[in-house]
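>>> Based on what follows, work out the 3D shape:
(one chain, ligands or ions: 2)
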Amino acid sequence: MTDEFDDALALANGPAGAAPAAARGAGRRGVARPRHAPAEGAAHVGPAWESARATAFRSVRPLPPRRLPLDLALGHTLAAPLTALTDLPAFDTSAMDGWAVAGPGPWRLTAGEPGLLAGAPAAGRLTDGEAVPIATGARVPEGATAVLRSERGTAADRRLRGPSPQPGADIRPRGQECRSGTELLPARTTLTPAALGLAAAAGYDQLAVRPKPRAEVLVLGDELLFRGLPHDGRIRDALGPMTGPWLAALGAQVMVTRRLGDDAEALHEAMSTSRADLIVTTGSTAAGPMDHLRAVLARLGAHLLISGVAVRPGHPMLLAELPGGTPLVGLPGNPLAAVSGLLTLAEPLLRALADRPAAAERHGRLTDEVRGHPEDTRLVPVELPEPDAARPLTYAGPAMLRGIAAAAALAVIPAGGARAQDRVRLLDLPAA
Ligand SMILES: Nc1nc2c(c(=O)[nH]1)N[C@H]1C(S)=C(S)[C@@H](COP(=O)(O)OP(=O)(O)OC[C@H]3O[C@@H](n4cnc5c(N)ncnc54)[C@H](O)[C@@H]3O)O[C@H]1N2
Ligand code: MOO
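Ligands and ions are numbered 1, 2, ... in the order given. Predicted structure coming up:
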């Protein structure tokens with residue numbers, strides 16, 4: 001199997017008649033291949049796309065929880081429910097600047113300005129007919145029945161006049177938002193800035209979270225340059241700059257991106273000494289003359305869980321478990337194929353390690369027909385001109401980056417293709 005078919009498909013996003021001959025003439029490939037093919041090369045196409053994602057998700061267990069201070073916990077998953085350690089509010093609180101009043105007016109002021117301020121300890125009890133100036137956020141004194149807003153009353157000669165507020169008006173009663181012990185967020189919630197604010201308000205200094213999976217990226221290929229212009233058959237490394245940030249957007253903590261060339265010994269050494277929770281390699285998934293990845297995995301005694309997936313591009317991608325249990329995702333070297341591998345294998349695996357629930361599935365309507373592979377799922381870069389409309393982009397060949405760089409999502413095109421107006425699943429791409 002060559003990627004000629006994939007290139008042809010990628011250029012065939014337009015009307016049916018515009019498909020290049022290679023796509024029109026493509027015949028059926030062999031069927032009924034084993035679900036988990038042996039590590040003999042990319043000619044074996046493994047499980048269906050959905051099933052590969054499920055296998056990747058099931059291949060690991062969540063990392064053991066750890067306690068992190070709030071300021072380091074952003075983006076982590078809660079390992080236990082967030083349970084209030086206090087009532088919220090913790091005391092009856094004034095919702096407005098004004099006066100705390102007891103009973104109907106007019107009132108006798110027991111103190112001058114500024115009166116009761118936010119953060120001050122409990123004040124003396126008010127009795128019927130008394131009032132005291134109070135600030136928003138201050139503790140309401142015992143005996144107060146309401147707060148009269150400052151714009152509604154007039155104070156002079158230690159007397160306060162104004163309409164009598166309804167009992168309880170502008171008082172936030174203790175426990176209005178929650179009682180101590182109330183579950184505020186379930187386990188497996190991803191900590192957003194607002195969730196951290198809630199945790200702090202509820203009394204937490206630290207939270208039990210799943211640590212971010214530590215990822216190590218190994219960039220393979222002797223042909224790669226890391227600066228300047230392509231020359232003498234060599235090309236710039238496009239995957240090093242992309243893979244780390246992409247993994248970070250998928251919830252990983254990227255420890256290092258290493259450039260190993262096509263040196264099998266260096267690859268063996270890197271894999272056997274890694275302390276990462278996930279190793280991601282780029283390139284070398286196929287059976288080319290310098291593709292050492294599968295041989296090195298075999299030499300290490302790694303267990304190949306997925307060897308090829310029925311998805312275009314990216315079908316040579318693989319998932320292995322190293323002898324110590326560390327998962328390894330092998331991304332194909334063609335750049336769009338590598339993105340396909342990230343979303344097919346790395347995304348569910350990182351989600352499982354961090355114990356994060358899957359995001360709700362999103363769908364959109366195709367603006368144009370998209371040709372399909374006869375048996376495999378296709379992932380096609382699309383822009384979203386309107387929330388529900390997905391327009392396929394050009395420059396979406398396996399070795400291209402222009403399409404994906406302009407894309408807002410990848411459309412999941414089932415085997416056989418999709419027509420204009422069909423609703424298809426969309427995979428969101430990380431924004432920044
Ligand atoms: N006989 C076959 N050949 C190939 C098949 C096949 O089924 N039979 N599959 C093709 C497909 S599809 C893909 S995808 C690639 C997968 O190749 P590898 O994962 O082994 O990657 P390489 O051979 O190392 O490189 C492929 C291609 O990608 C370029 N590359 C690699 N790394 C980078 C990088 N970091 N930045 C930019 N470009 C990179 C590399 O130069 C090659 O052009 O195999 C096909 N062949
Ligand atoms: O064409 Mo390959 O499909 O780039 O994975």
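>>> Kindly tell me how buried the closest residue to Val209 other than its chain neighbours is, as a neighbour count.
In space, and not counting its chain neighbours, Val209 is closest to His76: 3.7 Å by C-beta to C-beta, 6 or more residues apart in numbering. For the C-beta atoms, the positions are set from N, CA and C on the backbone; glycine is no exception. A count of neighbours around His76, defined by other C-beta atoms under 10 Å, yields 25.
>>> Name all residues that make contact with His76.
Residues in contact with His76 (C-beta atoms under 8 Å, 6 or more residues apart in numbering) are Leu68, Thr190, Leu191, Leu207, Val209, Arg210, Pro211, Lys212, Ala354.
>>> quick one: which of those residues sit in helices?
Among the contacts of His76, no member falls in helices (criterion: DSSP state H).
>>> which residues does Gly98 form a beta bridge with?
Note on Gly98: beta-bridge partners by DSSP bridges are Ile134, Arg149.
>>> Low-confidence stretches in the chain?
For the chain, applying pLDDT under 70 flags the ranges 1-6, 8-45, 432.
>>> Would you map out the domains in it?
Following automatic domain parsing, the chain resolves into domains at 1-32+361-432, 33-63+211-353, 67-87+177-210, 93-172.
>>> any chance of those in JSON lines, plus distance to ligand 2?
What follows is those, written out as JSON lines (distance: least, C-beta to the nearest ligand atom, whole Å):
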{"stretch": "domain 1-32+361-432", "distance to ligand 2": "3"}
{"stretch": "domain 33-63+211-353", "distance to ligand 2": "3"}
{"stretch": "domain 67-87+177-210", "distance to ligand 2": "30"}
{"stretch": "domain 93-172", "distance to ligand 2": "58"}
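>>> quick one, which of those domains is packed in tightest?
Most buried of the domains of the chain, by mean neighbour count (mean count of other C-beta atoms under 10 Å): domain 33-63+211-353, with a mean of 20.
>>> coming back round to it: closest to Gly283 among the contacts of His76?
Lys212 (25.3 Å; C-beta to C-beta).
>>> before we move on, back to that, so which of the contacts of His76 comes closest to ligand 1?
Lys212 (24.0 Å; C-beta to the nearest ligand atom).
>>> Quick one: residues contacting that closest one.
Gly75, His76, Gly251, Ala252, Gln253, Ala354.
>>> wait, what's in contact with Ala202?
Here Ala202 is in contact with Leu82, Thr83, Ala84, Leu85, Thr86, Leu88, Cys178, Leu184 (criterion: C-beta under 8 Å, 6+ apart).
>>> Recalculate using a threshold of 10 Å.
Counting by C-beta atoms under 10 Å, 6 or more residues apart in numbering, Ala202 touches 82-88, 90, 177-178, 180, 182, 184-185.
>>> Look at the nearest residue to Phe57 once chain neighbours are set aside and tell me its secondary structure.
Excluding its sequence neighbours, the residue lying closest to Phe57 (C-beta to C-beta, 6+ apart) is Pro348, at 3.9 Å. Assigned with DSSP: H, G, I helix; E, B strand; the rest coil, Pro348 falls in the helix class.
>>> now do the one 10 residues further on
Remark: Ala358 carries the secondary structure label coil [criterion: three-state DSSP].
>>> Thought Pro348 was touching it, still the case?
Yes. Ala358 lies in contact with Pro348 (C-beta atoms under 10 Å); the separation is 7.9 Å.
>>> Overlap in contacts, those two.
By C-beta under 10 Å, 6+ apart, the residues touching both Ala358 and Pro348 are Arg53, Phe57.
>>> Can you pull the phi/psi pair for Arg378?
The phi/psi pair for Arg378 (degrees, to the nearest 10) reads phi -110, psi 140.
>>> can you tell me which residues contact the residue lying closest to it once chain neighbours are set aside?
In space, and not counting its chain neighbours, Arg378 is closest to Ile413: 4.0 Å by C-beta to C-beta, 6+ apart. Taking C-beta under 10 Å, 6+ apart as the criterion, Ile413 is in contact with 9, 13, 312, 366, 370-373, 376-380, 382, 392, 422, 424-425.
>>> Filter those residues down to just the ones in strands.
Arg312, Leu366, Thr377, Arg378, Leu379, Val380, Val382, Pro392, Val424, Arg425 (DSSP state E).
>>> Out of those, which two sit at the greatest distance?
Farthest pair in the ones in strands among the contacts of Ile413 (C-beta to C-beta) is Arg312 and Leu366. Separation: 16.7 Å.
>>> residue ranges of the helices in the chain, please?
For the chain, the helices defined by DSSP H occupy 4-10, 21-24, 49-58, 193-201, 240-249, 264-273, 293-300, 335-341, 347-353, 402-406.
>>> Including distance to Ala56, could the contacts of His76 go into JSON lines?
Compiled in JSON lines, the contacts of His76 are given as follows (distance: C-beta to C-beta, whole Å):
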{"residue": "Leu68", "distance to Ala56": "26"}
{"residue": "Thr190", "distance to Ala56": "19"}
{"residue": "Leu191", "distance to Ala56": "24"}
{"residue": "Leu207", "distance to Ala56": "27"}
{"residue": "Val209", "distance to Ala56": "22"}
{"residue": "Arg210", "distance to Ala56": "17"}
{"residue": "Pro211", "distance to Ala56": "19"}
{"residue": "Lys212", "distance to Ala56": "18"}
{"residue": "Ala354", "distance to Ala56": "13"}
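>>> Identify, from these, the entry nearest to Leu126.
Of all the contacts of His76, the one sitting nearest Leu126 is Leu207; the distance, using C-beta to C-beta, is 39.6 Å.
>>> beta partners for the closest one?
Counting by DSSP bridges, Leu207 is bridged to Leu68.
>>> surely it meets Ala73?
Yes. Counting by C-beta under 10 Å, Leu207 touches Ala73, with 5.0 Å between them.
>>> Which neighbours do those two have in common?
Common neighbours of Leu207 and Ala73 (C-beta under 10 Å, 6+ apart) are Arg66, Arg67, Leu191, Ala195, Leu196, Ala199.
>>> quick revisit: quick one: which of the helices of the chain is nearest ligand 1?
Closest to ligand 1 of the helices of the chain, according to C-beta to the nearest ligand atom: helix 335-341, at 3.8 Å.
>>> how about stretch 282-302 against ligand 1, any contact?
Yes. Contact of stretch 282-302 with ligand 1 (C-beta under 6 Å from any ligand atom) involves Thr282, Gly283, Ser284, Thr285, Ala286, Gly288, Asp291.
>>> My guess is Pro104 contacts Arg161. True?
No. The criterion here is C-beta under 10 Å, and Pro104 misses it with Arg161 at 11.6 Å.
>>> from the protein, which residue is nearest to ligand 1?
Closest point on the chain to ligand 1, by C-beta to the nearest ligand atom, is Gly333, at 2.5 Å.
>>> Look up phi and psi at the nearest residue to that residue once chain neighbours are set aside.
Take Gly333 and drop its neighbours on the chain: the residue closest to it by C-beta to C-beta, 6+ apart is Gly283, 3.4 Å away. Backbone geometry at Gly283, expressed as degrees, to the nearest 10, gives phi 80, psi 170.
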